[in-house]
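Peer 1: missing the sequence, but the structure's below:
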């Protein structure tokens, strides 16, 4: 079981080396991250974009591109389609956003000819290593699915469970979060949480234990769970997957952790044929490297399912 990003990187190195296809790779932050991933033995990269600019940026960063595959495509839309096709065709194991807007990147993923559709719902999973919490936390959805319905939440759980399994968590504990830990008909997210628990109990959601509704303190803090008399609940104090009621709650929690806690994180988009690395320019260098490592372990799990 991986309890840190160091463990994840060690897990990656036990697998066949993976390859990233980078769309619009003429971006200093992304080139630094993929170069670090290459140097650490996490993954190689195929760089798609304006080759002259890519090589100019790499030279300025003292990144030696000898032996790297660079595909010259100055047009951003075409660069995204050529890069995603590499993942679609199996030449790359994961797909990463470079200096391109998110809308264009997502359109390439959804392209009917060369994209990464699987019929599953696309969702975002953010993985956090937080000082003081012994397990990795898998947050969903903090960036992509805005106001999930009950059926959406089932698919969010299924996608996050696959990521947790890839990281070595055999039976993740899932906490559908709310402001309270009891069902209140006036709070729809608590009703959904209880229904998700029932669906898990009768085998409609598998590979995990779902325990909801739970408040955040009970989900991640064993002492808080004990103080509130909830220590015997299946996920109390040790939840692995935090399922947020909507993007507002998830995004606020994500940014609070990033800006106030001692933590590391990595993020990927899943429900796709190959994991997609959708980082922001404001994300740290380490977050980008962690995201590549996370995508690599998920890519390995997907390969083993075939």
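Peer 2: Everything's here; your move. None of these values were measured; they are calculated from a predicted model.
Peer 1: Isn't residue 292 up against residue 275?
Peer 2: No: with contact defined as C-beta atoms under 8 Å, residue 292 does not count as touching residue 275 (9.7 Å). Where you see a C-beta, it was placed from the backbone N, CA and C, and this is true even at glycine.
Peer 1: shared neighbours, these two?
Peer 2: Both residue 292 and residue 275 are in contact with residue 94, where contact means C-beta atoms under 8 Å, 6 or more residues apart in numbering.
Peer 1: tell me the centre residue of this protein?
Peer 2: Nearest to the geometric centre of the chain sits residue 268, at 2.8 Å (C-alpha atoms, centre = their mean).
Peer 1: give me the element that one is part of.
Peer 2: Here residue 268, judged by DSSP states H and E, is contained in strand 263-270.
Peer 1: SS state for residue 46?
Peer 2: Of the three states, residue 46 takes strand under DSSP: H, G, I helix; E, B strand; the rest coil.
Peer 1: Just give the number of residues close to it.
Peer 2: 21 (other C-beta atoms under 10 Å).
Peer 1: Distance check, it against residue 54.
Peer 2: In this view, residue 46 and residue 54 are 11 Å apart by C-beta to C-beta, to the nearest Å.
Peer 1: Pull up the overlap in contacts between the two.
Peer 2: Common contacts of residue 46 and residue 54 (C-beta under 8 Å, 6+ apart): residue 70.
Peer 1: just to revisit the earlier point, check which helices and strands the strand holding residue 268 sits against.
Peer 2: For strand 263-270, the elements it packs on are helix 5-13, strand 123-130, helix 150-166, helix 247-260, strand 276-277, helix 285-305, judged by 3 or more C-beta pairs under 8 Å, 6 or more residues apart in numbering; DSSP states H and E.
Peer 1: what sits up against that strand?
Peer 2: Contacts of strand 263-270 (C-beta under 8 Å, 6+ apart): 4-5, 8, 109, 122-131, 143-144, 159, 162-163, 257-258, 275-279, 283, 286-287, 289-295, 298.
Peer 1: Flag every buried residue along the helix or strand where residue 82 lies.
Peer 2: Using DSSP H and E, residue 82 sits within helix 76-88. Of the residues in helix 76-88, 76, 79, 80, 81, 82, 83, 84, 85, 86, 87, 88 count as buried by neighbour count, 16 or more other C-beta atoms under 10 Å.
Peer 1: Closest one of those to residue 137?
Peer 2: Closest approach to residue 137 among those (C-beta to C-beta): residue 87, at 27.2 Å.
Peer 1: Out of the helices and strands packed on strand 263-270, which is the most enclosed?
Peer 2: Neighbour counts (mean count of other C-beta atoms under 10 Å) averaged over each of the helices and strands packed on strand 263-270 peak at strand 276-277, with a mean of 26.
Peer 1: Contacts for it, please.
Peer 2: Outside of strand 276-277, the residues within contact range by C-beta under 8 Å, 6+ apart are 20, 94-97, 105, 109, 116, 267-270, 288, 291-292, 295.
Peer 1: And those, which two are furthest apart?
Peer 2: Using C-beta to C-beta, the two most remote members of the contacts of strand 276-277 are 116 and 288, lying 19.8 Å apart.
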